[in-house]
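Q: Here is my input, please return the structure:
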Amino acid sequence: MDDYEKYEEDCKKIRKANERLLNEFGVWLKASGLAEKTINNHRLNIDFYINDFLLYEDATEAKDGVDDVSMFLGYWFIKKALWASQSSIKSNATSLKKFYTFVHEKGLIDKEDLSDLKETIKAEMPEWLAALGRYDDPSIEEVW
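A: Predicted coordinates for the structure are as follows:
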């Protein structure tokens, strides 16, 4: 089996595990009293993160993606998601905080990882939004 076949096989296993995780996340969100539309939005955001971004170059499991939020919201999402906007970046940040709180409660990441994620989002959000503004401005050549 070559490297690409192994990558594809690993991604297939991860997608299957992600499907279960997303279903459990939906149940967890419902138990917190959120509206169905809000739950669906969080699930779509997290689906894009764990099944597109985390599997884009490497086969990264959802629990191991907790440290990648800055690359996702500050660069990848802006370039790859045609719907990237200030509100969609903020919405994804909220979804990621909820998702990794759920993942922490499942015992898949520790409290420090969750705290680091939340601090990264809080500290870097202004720069992510500024990067989006530069990316959307055709007069700016050096976005990053």
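Q: Need phi/psi at Ile109.
A: phi -130, psi 160 (degrees, to the nearest 10).
Q: ok, now how distant is it from Pro138?
A: From Ile109 across to Pro138, the span is 40 Å (Cβ to Cβ, to the nearest Å). To be clear about C-beta, it is placed using only N, CA and C from the backbone, and glycine gets the same treatment.
Q: Of the two, which one has the most company?
A: Taking neighbours as other Cβ atoms under 10 Å, Ile109 and Pro138 compare with Ile109 leading, 21 against 6.
Q: Now do the contacts for the residue nearest in space to the middle of the chain.
A: Centroid-nearest residue in the chain, with Cα atoms, centre = their mean: Tyr49, separated by 3.5 Å. Residues in contact with Tyr49 (Cβ atoms under 8 Å, 6 or more residues apart in numbering) are Gly65, Phe72, Asn92, Ser95, Leu96, Phe99.
Q: let's see it at 10 Å
A: Contact partners of Tyr49, counting by Cβ atoms under 10 Å, 6 or more residues apart in numbering, are 18, 62, 65, 68-69, 72-73, 76-77, 92, 95-96, 99.
Q: And Met1, by the same measure?
A: Residues in contact with Met1 (Cβ under 10 Å, 6+ apart) are Tyr7, Glu8, Glu9.
Q: what's the answer for Lys97, then?
A: Contacts for Lys97 were tallied using Cβ under 10 Å, 6+ apart; they are Val69, Leu114, Leu117, Lys118, Ile121, Lys122.
Q: What ranges does this structure have for its strands?
A: With DSSP state E as the criterion, the chain has no strands.
Q: in it, which spans are helices?
A: 3-31, 36-48, 69-71, 77-80, 86-105, 111-136 (DSSP state H).
Q: What residues of the fifth one count as buried?
A: Within helix 86-105, the residues scored as buried using 16 or more other Cβ atoms under 10 Å are 88-89, 91-93, 95-104.
Q: Go through the residues you listed and name the one nearest Ser32.
A: The shortest approach to Ser32 among the buried residues of helix 86-105 belongs to Lys98, at 8.5 Å (Cβ to Cβ).
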